[in-house]
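Student: Build me a model from this:
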Amino acid sequence: MKALVFAASTRTDSLNRRLARFAASELEREGIEVTLIDLRDYSMPIYDGDLEAQSGLPPAAQVLKSLVQQHDALVIASPEYNGSIPAVLKNTLDWVSRPQSGERPGAAFRGKTAIIMSASPGSGGGRRGLHHLREVLQHVGMSVHSAEISVPRAHEAFDRDGRLLHDSSVEELRQVARELLDAATPTASRNQQHGNLRSEREN
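Tutor: Next comes the predicted model:
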């Protein structure tokens, strides 16, 4: 099980960047192979159909699309902007969802699992934004886990080492990781059994 983790914020001291880093460490602790990225490293223009027709996907979008395709799950820590998701995240999803070489729209996302979370200084914990994010991810073909990690008053929720102090959120995150691994295990077991059976037949 491989998870691509990132925050939907480019601000250096973003609470959601802290949450993404903590989530990455907890997922690794549970046995998931994690790639933690920074969206600032994948700068791309606002989606423009004319630009796409002339030049195709921007280089950063191509690299990020390849990364998405190499992972089984996306873990996104997204702030809530005016009750919805940040423009940088929507733009990223729009570019990466664009089809290439006969692909279906959203081909990079289809069949993959998304874990969504949000940290907010307010009491709502960013849940309104997560509602919109769930709709967008489902529209591009992802299966979004029912659990949403929401951290209210997040400016008080992390210690100096970046550890999340909300025990319930930490345990929920660990439970989600276990469920991802459990979902992946039957497939791996079936592949191993098939390989063993084929070896017996060859012998």
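
Student: The strand ranked longest in the chain: partners in the sheet, and parallel or antiparallel?
Tutor: Using DSSP state E, we find that the single longest strand of the chain is strand 143-151. Its sheet considered, strand 143-151 pairs with strand 113-119 (parallel) by DSSP bridges.

Student: tell me the pLDDT at residue 199?
Tutor: pLDDT, the model's per-residue confidence, is 38 for residue 199.

Student: Residue numbering should commence at 207 henceforth.
Tutor: All set: I'll call the first residue 207, so the last point we hit is now residue 405.

Student: Next one: residue 309 from residue 226, what distance?
Tutor: According to Cβ to Cβ, to the nearest Å, residue 309 and residue 226 sit 28 Å apart. The C-beta positions use only the backbone N, C-alpha and C, and glycine is treated the same way.

Student: who has more neighbours, these two?
Tutor: Per other Cβ atoms under 10 Å, whichever of residue 309 and residue 226 has more neighbours is residue 226, with 26 against 13.

Student: How about exporting the helix or strand the more buried one falls within as CSV, limited to the C-alpha atoms?
Tutor: For residue 226, the host element (DSSP states H and E) is helix 221-235. In CSV, the C-alpha atoms belonging to helix 221-235 read as follows (Å, rounded to 0.1, in the frame of the first residue of the first chain):
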residue,chain,number,x,y,z
LEU,A,221,-1.7,24.2,9.9
ASN,A,222,-2.7,21.8,7.2
ARG,A,223,1.0,21.3,6.2
ARG,A,224,1.6,20.3,9.8
LEU,A,225,-1.3,17.9,9.6
ALA,A,226,-0.1,16.4,6.4
ARG,A,227,3.4,15.8,7.9
PHE,A,228,1.9,14.2,11.0
ALA,A,229,-0.4,12.1,8.9
ALA,A,230,2.5,10.9,6.8
SER,A,231,4.4,9.8,10.0
GLU,A,232,1.4,8.0,11.4
LEU,A,233,0.7,6.1,8.1
GLU,A,234,4.4,5.0,8.0
ARG,A,235,4.1,3.9,11.6
